[in-house]
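Q: just need the structure, nothing else, for what follows:
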Amino acid sequence: MIEKIKMRQLIKNKRAFFGKEASGRKMNKRAEDILSPEVVKMVIAILCLIALLYLAYSMYSMFFKKTGIEQAKQSLEQLVTKINNMKEGQKDKYLIQNPKDWYLIVFKIGETMPKSCSGTKNCICICQKQDYTGCDNNGVCKELDLDAEMSYNCFTSTAVGLDYVHRCFKIEIKEILLEKKSGILFIGPEGSYSVGDKFFSVLSIVDTESGNSVEDLIFQSTLGYNEKLRGKIIKLIKNYLAQNLSEVSDWNLEIDLNGQIVSAFTEATPIDPSSGVAFVPTFANNVQKTITKDGKQYLFKFNFNTKSQ
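A: Prediction:
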């Protein structure tokens, strides 16, 4: 009896042993399948593909995905080449699209300029920020051999409202208009300059009461603040616009000396009843004229919108 029990136990142990051995053989078989040459080759191929894709992206970024400053250099080089190749009286267009949301700015002799401009010539720049310090920090500039005007403006918010940056264009995918006329480069809509030419004729109009021209009255007001005189000047300008430039809606006239606003004239801005704050319009057009008085050069800036804008 005891021998039978021992025999059964022995058989049971053998079965358990050979069962484990079989299970081990199955696991070894799985490991061999996983680590087979074909699988290893496939893993290596996938890793190589990932490495190649990363290398390709890095090469693309290095050679094709240009930085903002590289795009600015290329765009400005192309624009200045086109300008230099234009003939007197010629009109042309330039599609400027990079770097997006940077600024195309024209600096004129006598103004504060970026350090890369000599100050003896007008300078055209593409910069990340819309002022000369922005051009110094991240921008490119080229000097122009001719006078330049730009009818585009940029705007920046300040504690007291909007600050206008003249001769400034925020870059987007858009064609800008170019024209060489009387030795001057005009950048911007042609209509702006025709309106500007008409507007500055107001300066020669004579006030019947005083016998002085509007230009004389403006300089009198600039040298000594006189609210009554300012009101007369604004009235004369409004009457002139109504009769000769009825397409103009909002407008203002600034007079600068050495980069500082010394006087400004505008139609009274309405008050927003909900906030009690004066409404400040943004101007889409800008034309300028330099007038010399007593050996000083004053810059007259006329900013305006048309009723269709």
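Q: quick one: low-confidence parts of the stretch 201-309 of the chain?
A: 224-225, 259, 268-282, 284, 308-309 (pLDDT under 70).
Q: strands of that one, start to end?
A: Remark: strands assigned in the stretch 201-309 of the chain by DSSP state E, counting those that start in this stretch are 248-257, 260-266, 285-293, 296-306.
Q: and the shortest one, what does it pack against?
A: Which is strand 260-266. With contacts taken as 3 or more C-beta pairs under 8 Å, 6 or more residues apart in numbering; DSSP states H and E, strand 260-266 sits against helix 214-223, helix 227-244, strand 248-257. Heads up, the C-betas are built off the backbone N, CA and C, glycines and all.
Q: so can I have CSV of these showing mean neighbour count and distance to residue 148?
A: Shown next, in CSV, are the helices and strands packed on strand 260-266 (neighbours: other C-beta atoms under 10 Å; distance: least, C-beta to C-beta, whole Å):
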stretch, mean neighbour count, distance to residue 148
helix 214-223, 18, 24
helix 227-244, 15, 26
strand 248-257, 19, 17
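Q: domain parsing for this protein?
A: Here the domain parsing of the chain from automatic domain parsing is 2-63, 68-188, 194-306.
Q: could I get the helices and strands packed on strand 260-266 as CSV with distance to residue 98?
A: Shown next, in CSV, are these (distance: least, C-beta to C-beta, whole Å):
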stretch, distance to residue 98
helix 214-223, 41
helix 227-244, 38
strand 248-257, 32
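Q: any idea which of those gets closest to residue 126?
A: Ranking the helices and strands packed on strand 260-266 by proximity to residue 126 (C-beta to C-beta) places strand 248-257 first, at 23.7 Å.
Q: hmm, back to that, what's the most buried one of the domains of the chain?
A: Most buried of the domains of the chain, by mean neighbour count (mean count of other C-beta atoms under 10 Å): domain 68-188, with a mean of 17.
Q: got the end-to-end distance for that one?
A: Domain 68-188 stretches 24 Å from its first residue to its last (C-alpha to C-alpha, to the nearest Å).
Q: pLDDT on it, on average?
A: For domain 68-188, the mean per-residue pLDDT is 81.
Q: name the helices or strands packed onto the helix or strand hosting residue 140?
A: Per DSSP states H and E: residue 140 is located in strand 139-144. Applying 3+ C-beta pairs under 8 Å, 6+ apart, one finds that strand 139-144 contacts helix 68-85, strand 122-127.
Q: next, format these as TSV and append distance to residue 154.
A: Listed next are the helices and strands packed on strand 139-144 as TSV, based on distance: least, C-beta to C-beta, whole Å:
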stretch	distance to residue 154
helix 68-85	16
strand 122-127	11
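Q: among those, which comes closest to residue 241?
A: strand 122-127 (29.4 Å).
Q: contacts for the helix or strand just after the closest one next, please.
A: Helices and strands here follow DSSP H and E; after strand 122-127, the next one along the chain is helix 132-137. Contacts to helix 132-137, defined as C-beta atoms under 8 Å, 6 or more residues apart in numbering, come from residues 103, 105, 107, 112-116, 125, 127-129, 141.
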